[in-house]
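Visitor: Model the structure of this input:
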Amino acid sequence: MTDHRPVELDQETDNPDEQSNWTGLALVLGLLVILGFASPASLVIVLAIVVFVFLHELGHFMTARWTGMKATEFFIGFGPRVFSFKRGETTFGIKPILAGAYVRIIGMSNLEEVPLADEPRTYRQQSYPKRVLVASAGSAMHFIIAFVLFFISFGIVGLERADEWTITEPSANSAAEAVGLQAGDRLVSVDGESTATFNDLIAVVVPLAGETVVLVVERDDASLELTTTIGSREDPAGETVGFLGVGAVYEPVRDSAPAAVWRTAVEYPDRIWDSLNGIGQFAKNIGGFVDRVFTSPGAEVQEADGSRPLSVIGVVQIGSQLGGSVVWLLAMFNVFIGVFNLLPLLPLDGGHIAIATYERIRSRNGDRYVLDVTKLLPLTYAVFAFLVLFGLGAVWLDIANPITL
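Guide: This is a model prediction of the structure:
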């Protein structure tokens, strides 16, 4: 096996290890270029997720440095090392599977052997506030990222609203075309019935096949009353229903900067609750998830109704179809990862916080209690195995039965 040793960027060398590292880096970049040509939107989302993962680990790394802990590795990706360099006491690098990242802080538990000279700089020797700060920094970064993305979604990109819509170009030979409706018109009412949303319009028109009605239309700041006869068509059940012949176009609504900040702050607790509720619903219906995993590929239509967990592949699939709304999706993705990481289970960050808190509670009169982590190993292995199987199941579902919008 080739020994992929760290490469100093400021040295020129013909070391074959360096060549293999550069070859691996070129392969990763090549795959990203191919993805970019195949689906530019997917590439943007993949790179965004890589940045989120990097910032998560940067939170751990920076707080570890600020609190005097020793971090020996900072890698993006998993698998064999394809590129690395060393600065000071830390080796930085890239690995080919861009599905995560990690920072190695020495002495995260009492199981790790550390040189005596480094013991004062281990995670386990630090005070309770320092350990909690470092362990929670990754989730804190996700919450900060989500806040920024929600602000962008509200104040810059804008969000579509059900009551802010105009019509498309009318269908040929339809009632809408016959009365002269134009793309961009806003339908206010049909025979006095409000059509505030497009769904309201459908509900009003469906029972009016063959009926002559008065449409109230807004066009160029003017209000018009137009009379037409509603057409008809057959619905999937074979029933005759009313048909006007227009679709809906939604214009994003943008808040002012102060309003976007305020709206983000006010709604943020709800978004956190959404993630907690989603985790709880999944835990209660894990059997349904298992059933879906074993469903034959293509056997059922998977709709984006929030009832099925997504892997990174699913996030990319949906995000690449959303346009500007992808900013909202990525914001919710960060909230979920931040919340999930704080669950009090090893190997999640929340598990380290739980241990530090338990040790703090058990410590008395200046004598520090140290938990024997070996007692938690069976549970830790079980949680790790579950996360792996859950992740593989979510990946399989996103490949075999992708969600459709």
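
Visitor: Contacts made by stretch 159-173 with the rest, please.
Guide: Residues from elsewhere that reach stretch 159-173, judged by C-beta atoms under 8 Å, 6 or more residues apart in numbering: 153, 176-177, 181-187, 196-199, 245-253, 325, 328. The C-beta positions use only the backbone N, C-alpha and C, and glycine is treated the same way.

Visitor: Give me the buried stretch members for that stretch, please.
Guide: L159, E160, E164, W165, T166, I167, T168, P170 (16 or more other C-beta atoms under 10 Å).

Visitor: Point out the least confident one among those.
Guide: Minimum pLDDT across the buried residues of stretch 159-173 is recorded for E160, with 77.

Visitor: for that residue, phi and psi?
Guide: According to degrees, to the nearest 10, the main-chain angles of E160 amount to phi -70, psi 140.

Visitor: oh, and call the first residue 23 from now on, that's how I've got it
Guide: OK, 23 is where the count begins now, so the last one is E182.

Visitor: Next one: it from T188, what distance?
Guide: Distance of E182 to T188, computed by C-beta to C-beta, to the nearest Å: 12 Å.

Visitor: F265 now?
Guide: As judged by C-beta to C-beta, F265 and T188 stand 19 Å apart.

Visitor: how about stretch 111-130: buried residues?
Guide: 112-118, 120-130.

Visitor: Same question for stretch 218-237.
Guide: Per 16+ other C-beta under 10 Å, stretch 218-237 contains these buried residues: F220, D222, L223, V226, V227, V228, L230, A231, V235, L237.

Visitor: Of the residues you listed, which pair is most distant in space?
Guide: Maximum pairwise distance in the buried residues of stretch 218-237, criterion C-beta to C-beta, is 18.5 Å, between F220 and A231.

Visitor: what are the ranges of the strands in the chain?
Guide: 93-100, 105-109, 112-116, 119-127, 187-189, 208-212, 215-216, 234-241, 244-251, 253-256, 262-265, 270-272, 324-325, 425-426 (DSSP state E).

Visitor: Walk me through which strands the third one pairs with, and which way each runs.
Guide: What that stands for is strand 112-116. Strand 112-116 pairs in its sheet with strand 93-100 (parallel), strand 105-109 (antiparallel), by DSSP bridges.

Visitor: With mean neighbour count as new columns, can those strands be given to me in JSON lines?
Guide: Listed next are the strands paired with strand 112-116 as JSON lines, based on neighbours: other C-beta atoms under 10 Å:
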{"stretch": "strand 93-100", "mean neighbour count": "19"}
{"stretch": "strand 105-109", "mean neighbour count": "18"}
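
Visitor: In JSON lines, list those strands along with distance to Q303.
Guide: Below are the strands paired with strand 112-116 laid out as JSON lines (distance: least, C-beta to C-beta, whole Å):
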{"stretch": "strand 93-100", "distance to Q303": "29"}
{"stretch": "strand 105-109", "distance to Q303": "41"}
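
Visitor: picking that back up, Y391 is nearest to which of the strands of the chain?
Guide: Ranking the strands of the chain by distance to Y391, with C-beta to C-beta as the measure, places strand 119-127 first at 21.2 Å.

Visitor: Summarise which helices and strands the closest one is packed against.
Guide: When contacts are defined as 3 or more C-beta pairs under 8 Å, 6 or more residues apart in numbering; DSSP states H and E, strand 119-127 sits against helix 62-88, strand 93-100.

Visitor: Could you check the angle the longest one makes with strand 119-127?
Guide: So that's helix 62-88. 10 degrees (axes from the mean of the first three to the mean of the last three C-alpha atoms, to 10 degrees).

Visitor: tell me which residues of helix 62-88 are tucked away?
Guide: 64-68, 70-72, 74-83, 85-87.

Visitor: what helices or strands is it leaning on?
Guide: So helix 62-88, by 3+ C-beta pairs under 8 Å, 6+ apart, packs with helix 38-60, strand 93-100, strand 119-127, helix 150-174, helix 334-341, helix 348-363.

Visitor: which one of the ones you listed lies closest to A139?
Guide: The minimum distance between A139 and the helices and strands packed on helix 62-88 falls on strand 93-100, with 13.6 Å, by C-beta to C-beta.
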